[in-house]
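> my questions are about this predicted structure, shown below with the sequence.
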Amino acid sequence: MSMDTRTRSEGSAPDPVGAHWRSLARLARLARFLLVGGLSTLVTVGLFNLLVHAGSTPVLGSRPVTAYVVALGGGLVVNYLGNRWWVFAGARHGSRTTHIIAFIVTNAVAFAIPLLCLATSRYVLGLSSVVADNVAANGIGLVLATGTRWLAYRLIVFRVDRPAPGLESS
């Protein structure tokens, strides 16, 4: 049993300094998570545009869907490596197969969220302007997908259930 648990179970007040450092550690982890997500998005968009639009005869110029799948794969690799080795370094991962499956399922759900938001805007609400499409998919959908990833990565994929290194109670 940790010192923090003993202190609380004996009826004493929780350690405000420890809680402060844990909050800062969570904020730092969230900032790293958002940076990795931003880099992953840049890789996806950049790779897609390189494959579809770069040069006089782009590699996949006539196959944008294939190019997007390839670009998305590149972005996912950056996302996985950044989250695994930087954002959630030291977290429990369980078996490699289960871990990879959880990562893939989480991202499949997260990719579906903006699509559902766009479909709802278009087909349920009847909104079809450029602004409505972007607010639905890239505004609301992206925020919900990012929140879903954050929670799933913390609770399932990278299982954060202990303080960051150096923040444990003595």
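Cool, the structure landed. Residues are numbered from 1 along each chain as shown.
> centre-most residue in this structure?
Relative to the mean C-alpha position of the chain, the nearest C-alpha, by CA atoms, centre = their mean, is the one of residue 149, at 4.0 Å.
> in terms of helices and strands, where is that one?
helix 142-152 (DSSP states H and E).
> re earlier: thought the residue nearest to the centre of the chain was touching residue 113?
No - using CB atoms under 8 Å, residue 149 makes no contact with residue 113, being 9.5 Å away. No exception for glycine: its C-beta is placed from N, CA and C like everyone else's.
> care to break the chain down by domain?
Annotated domains of the chain cover 16-89, 92-163 [automatic domain parsing].
> could the ones you listed be laid out in CSV, adding mean pLDDT?
As requested, those are arranged in CSV below (pLDDT from 0 to 100):
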stretch, mean pLDDT
domain 16-89, 86
domain 92-163, 85
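> helix, strand or coil for residue 57?
Under DSSP: H, G, I helix; E, B strand; the rest coil, the three-state class of residue 57 is coil.
> shift numbering so it begins at 52
Taking 52 as the first residue, the last one we looked at is residue 108.
> phi, psi for it please.
Its backbone dihedrals place residue 108 at phi -130, psi 90, with angles given as degrees, to the nearest 10.
> how about residue 208: what's its closest non-neighbour residue?
With sequence-adjacent residues excluded and distances taken as CB to CB, 6 or more residues apart in numbering, residue 208 is closest to residue 153, at 4.6 Å.
> the helices in the chain, which residues?
Taking DSSP state H as the test, the helices found in the chain are 54-60, 67-104, 115-133, 147-170, 181-185, 193-203.
> now stretch 129-142: buried residues?
Neighbour-count burial for stretch 129-142, counted by 16 or more other CB atoms under 10 Å, picks out 129-131, 133-135, 138-139, 142.
> distance between the ends of that stretch?
Across its full length, stretch 129-142 reaches 18 Å end to end, with CA to CA, to the nearest Å as the criterion.
> and the residue lying closest to residue 130 once chain neighbours are set aside, what does it touch?
With CB to CB, 6+ apart as the criterion, residue 130 has its nearest non-adjacent residue at 4.0 Å, and that residue is residue 91. Contacts for residue 91 were tallied using CB atoms under 8 Å, 6 or more residues apart in numbering; they are 126-127, 129-130, 133.
> in JSON lines, list those along with distance to residue 79.
Converted to JSON lines, those look like this (distance: CB to CB, whole Å):
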{"residue": "126", "distance to residue 79": "23"}
{"residue": "127", "distance to residue 79": "24"}
{"residue": "129", "distance to residue 79": "20"}
{"residue": "130", "distance to residue 79": "18"}
{"residue": "133", "distance to residue 79": "14"}
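> got a list of what the nearest residue in space to residue 191 that is not next to it in sequence touches?
Leaving aside its chain neighbours, residue 191 sits nearest to residue 168 (5.1 Å; criterion: CB to CB, 6+ apart). Applying CB under 8 Å, 6+ apart, we find residue 168 in contact with 187-188, 191-192, 195.
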